[in-house]
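J.: starting from these lines, generate the structure:
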Amino acid sequence: MRLTIKSTVTLHSVVYYSCGYFVTSYGERLFLAGTQSCRDTGRKRRSAQASTFDQGGNLPAVRSVNERGVSPVRHNLRMKIAVLGATGQTGQFLVNQALQQGHTVTAIVRNPAKLTIHHALLKVVEADIFSANSLKAHFKGQDVIMSCLGFPTSMLSAVTGYSQSMSAVISAMREARVNRIVTMTSWYTEPDSGRQSPFIIRFMLLPMIRSLLTNMYEMEKTLQKTDDINWTVVRPPGLKNQPATAQEFLTHEGYFVPDCGSSVGRGDVARFMLSLLSSNAWVKKGVAMTTKQYE
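T.: Below you'll find the predicted structure:
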């Protein structure tokens with residue numbers, strides 16, 4: 001039996017809990033009291049990095065060397081981007097923002113009819129995300145692959161979609177000679193990272209979605225074993241169906257952002273993922289992210 005929440009419209013699998021509520025795969029929320037969100041308290045978070053972007057997800061054209069000693073690329077570079085999971089809610093934010101920034105986007109989908117976005121720089125193609133042969137033709141000529149793929153959790157069977165699709169994606173990238181990918185997973189994918197989470201997350205939510213997080217972690221480990229792929233794994237907390245804001249990002253090289261229990265809008269996740277095209281700071285790394293929230 002799959003764990004579900006009854007909404008006014010349909011049934012969706014619970015995929016995350018954060019900031020006082022369970023979040024479903026379509027962003028619907030079931031609130032629980034007594035949790036703390038991440039607020040701007042004026043404290044310095046040594047383990048978190050804050051970065052400022054505008055509402056469209058844009059970096060300044062030129063920035064100074066960052067804390068990692070890597071000079072970001074100029075933002076006005078236009079790229080050819082292949083997007084996986086483009087019909088999902090985060091994927092649609094990413095496609096829209098990429099087009100607004102002037103990138104050329106190839107949306108690789110299972111059902112083209114589900115993507116209602118129309119733009120001169122957008123091409124929508126159909127492919128099997130589990131087949132390298134199906135993907136490689138659409139990867140040729142791309143500068144970067146960006147994945148917002150998501151798979152439902154189940155109480156009866158193990159989740160395998162993340163690792164299986166990534167194996168196909170990596171094979172297709174090698175055949176198409178594309179070596180850059182930005183993908184998303186979640187906070188707490190590493191099995192022991194949840195020990196520092198709030199009680200209700202550690203003992204109620206994480207056991208329910210452990211199969212989902214385990215497969216995300218397996219996918220991350222697959223990427224870590226590659227020598228020829230410049231990958232970045234973006235780990236957001238609970239997802240809300242909200243557009244991009246101008247809020248600062250808080251980032252941490254780990255499996256969650258310390259002292260922050262906030263959720264984050266899908267638009268801001270897309271904004272952050274696209275910002276990585278302008279920087280080498282997180283290449284071959286996983287980065288937990290959220291946005292700073294103000295009282």
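J.: show residues contacting stretch 120-139.
T.: 82, 84, 86, 95, 99, 102-112, 115, 145, 149, 164-165, 168-169, 171-173, 175-176, 178 (CB atoms under 8 Å, 6 or more residues apart in numbering). (C-beta placed from N, C-alpha, C; glycine too.)
J.: and it, how far out from the chain middle?
T.: 19 Å (CA atoms, centre = their mean, to the nearest Å).
J.: so for it, what's the average pLDDT?
T.: Averaged across stretch 120-139, the pLDDT comes to 98.
J.: which stretches in the stretch 51-200 of the chain count as strands?
T.: Using DSSP state E, counting those that start in this stretch, the strands assigned to the stretch 51-200 of the chain run over residues 80-84, 104-109, 122-126, 144-147, 180-184.
J.: Thr232: which of those strands is closest?
T.: Closest of these to Thr232 is strand 180-184, at 4.9 Å (criterion: CB to CB).
J.: elements contacting that closest one?
T.: Packing partners of strand 180-184 (3 or more CB pairs under 8 Å, 6 or more residues apart in numbering; DSSP states H and E): strand 144-147, helix 161-176, helix 210-224, strand 230-235, helix 266-275.
J.: tabulate the ones you listed in TSV, adding columns for mean pLDDT and mean neighbour count.
T.: Converted to TSV, these look like this (pLDDT from 0 to 100; neighbours: other CB atoms under 10 Å):
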stretch	mean pLDDT	mean neighbour count
strand 144-147	98	26
helix 161-176	98	20
helix 210-224	95	20
strand 230-235	98	22
helix 266-275	98	25
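J.: shaky segments in this structure?
T.: 1-76, 261-262, 295 (pLDDT under 70).
J.: and the residue nearest the centre of it?
T.: By CA atoms, centre = their mean, the chain has its centre lying nearest to Met184, at 2.9 Å.
J.: how near is it to Phe199?
T.: 26 Å (CB to CB, to the nearest Å).
J.: not counting sequence-adjacent ones, nearest residue to Met166?
T.: Met219 (4.6 Å; CB to CB, 6 or more residues apart in numbering).
J.: from memory the one you found sits against Thr185, does it?
T.: Yes - using CB atoms under 8 Å, Met219 is in contact with Thr185, at 6.9 Å.
J.: give me the common contacts of these two.
T.: Tyr162.
J.: how about Lys284, what does it touch?
T.: Lys284 sits in contact with 224, 230-232, where contact means CB under 8 Å, 6+ apart.
J.: could you redo the last one with a cut-off of 7 Å?
T.: Contacts were defined as CB atoms under 7 Å, 6 or more residues apart in numbering; by that measure Lys284 touches 230-231.
J.: same question for Ile181.
T.: 144-145, 147, 173, 229, 231.
J.: got JSON lines for those residues, with distance to Ser279 too?
T.: JSON lines is the format used below for those (distance: CB to CB, whole Å):
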{"residue": "Val144", "distance to Ser279": "13"}
{"residue": "Ile145", "distance to Ser279": "17"}
{"residue": "Ser147", "distance to Ser279": "18"}
{"residue": "Met173", "distance to Ser279": "20"}
{"residue": "Ile229", "distance to Ser279": "17"}
{"residue": "Trp231", "distance to Ser279": "14"}
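J.: name the nearest of those relative to Ser211.
T.: Ser147 (19.5 Å).
J.: thought the closest one was touching Ala82?
T.: No - assessed by CB atoms under 7 Å, Ser147 is found out of contact with Ala82, at 9.1 Å.
J.: how much space is there between Lys292 and Asp192?
T.: Look at Lys292 and Asp192: by CB to CB, they are 27 Å apart.
J.: higher neighbour count, these two?
T.: Lys292 (17 against 8; other CB atoms under 10 Å).
J.: quick check: closest non-adjacent residue to that one.
T.: With CB to CB, 6+ apart, the residue lying closest to Lys292 is Glu248, at 4.5 Å.
J.: what is the neighbour count of the one you found?
T.: 17.
J.: what of Ala107?
T.: Using other CB under 10 Å, Ala107 has 25 neighbouring residues.
J.: check contacts around it.
T.: Ala107 neighbours (CB under 7 Å, 6+ apart): 83, 86, 95, 115, 122, 124.
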